[in-house]
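Chemist: How does the following fold in three dimensions:
(2 chains)
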Amino acid sequence: MRIATWNVNSVRQRTEHLLRYLADKQPDVLCLQEIKCLEETFPRLEVESAGYNVAVHGQKTFNGVAILSKRPMEVTRGLPGDDEDTQSRYIEALIPDDHGGVVRVASIYLPNGNPVGTEKYPYKLAWMDRLIAHARNLLTLEEPLVLAGDYNVIPENRDVHDPAAWAGDALFLPETRAKFRTLLNLGLTDALRATSDDAGLYTFWDYQAGAWPRNKGIRIDHLLLSPQALDRLERVEIDKDMRAEEKPSDHVPVRIDLK
DNA sequence: ATGACTGGCCCTGCCAGA
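Modeler: Reported below is the predicted structural model:
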């Protein structure tokens, strides 16, 4: 079962890239972030014609997440505790696998948190606390679980071209990284780090300052696996080529294969 | 050396992103 995650930075600007990606890589499940539209303006017909079911938790202008799946899904929109929160950043689906079982998949767009010193940073940390509480509950189900998305967290020095340049950023502050470790310490595994210790494996390059040609990247898009999902992990790929396309997203897809 | 972009929106400078 192939599962991928991709922050597309507007699904309407990226529909052609998306359809090409689905055709090329044939993921069974694709988690999208920053679709930047409501469900009624999502390019549903195009995606359905490519053979996918579509589940959207949309928002006008900002944020917005979706899950595309070849198989039918049982969908939950929003993270528990979202009652007062108008930002669409979480959608979850229970999806049949090839062995008569199920895999639970979430598409996550974790808040950026910059500028630090505004209300945005405590919002990020509080959102992470809610994700931690929800993940703790999901892990008690003892299912294959994949929490995939744009975490806006650089986990370690080896995940950034210049750690000093990012030292004060909301994506790399010690408190941000500590909360990410709390999530991992529940018993989740960063899929990429289950298969490689290499430095310089990036998933985002800023549009500005020639970040892509200079390879000034960061790794912030992650798939976190429950023990039952990790048992089945066969392969992890970062689809870096997508950053070299015309009019690319600033993020590239990350993709795993489960047995 | 420094700065360098992109998307959405009550259509046009401004917010947001990372």
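
Chemist: quick one: residue A:149 and DNA strand B, what's the gap?
Modeler: Counting by C-beta to the nearest atom of the strand, to the nearest Å, the gap from residue A:149 to DNA strand B is 10 Å. Quick note: C-beta positions are derived from backbone N, CA and C, even for glycine.

Chemist: did I read that right, residue A:213 in a strand?
Modeler: No: per DSSP: H, G, I helix; E, B strand; the rest coil, residue A:213 lies outside any strand segment and is coil.

Chemist: Reduced to three states, what does residue A:133 come out as?
Modeler: helix.

Chemist: quick one, helices of the stretch 51-200 of chain A?
Modeler: Taking DSSP state H, counting those that start in this stretch, the helices of the stretch 51-200 of chain A run over residues A:120-139, A:174-185, A:191-195.

Chemist: from the ones you listed, which stretch is densest packed?
Modeler: Ranked by mean neighbour count, the helices of the stretch 51-200 of chain A are led by helix A:191-195 with a mean of 18 (mean count of other C-beta atoms under 10 Å).

Chemist: can the following helix or strand past that one be found next to DNA strand B?
Modeler: Sequence-wise, the next helix or strand downstream of helix A:191-195 (DSSP states H and E) is strand A:204-205. Yes: if you take C-beta under 7 Å from any atom of the strand as the test, strand A:204-205 does meet DNA strand B, through residue A:204.

Chemist: cool, stretch A:10-27 as well?
Modeler: Yes: counting by C-beta under 7 Å from any atom of the strand, DNA strand B is contacted by stretch A:10-27 at A:10, A:12-13.

Chemist: Looking at these, which is nearest residue A:45?
Modeler: Residue A:45 lies nearest to residue A:12 out of these, by C-beta to C-beta, at 12.9 Å.

Chemist: what about that closest one, which SS state?
Modeler: Criterion first, three-state DSSP; result for residue A:12: coil.

Chemist: Could you give the number of residues near it?
Modeler: Using other C-beta atoms under 10 Å, residue A:12 has 13 neighbouring residues.

Chemist: how about the nearest residue to it, chain neighbours excluded?
Modeler: residue A:37 (5.9 Å; C-beta to C-beta, 6 or more residues apart in numbering).

Chemist: And that neighbour, how far from residue A:66?
Modeler: Remark: distance between residue A:37 and residue A:66 (C-beta to C-beta, to the nearest Å) = 10 Å.

Chemist: So those two - more neighbours on which side?
Modeler: Per other C-beta under 10 Å, whichever of residue A:37 and residue A:66 has more neighbours is residue A:66, with 24 against 20.
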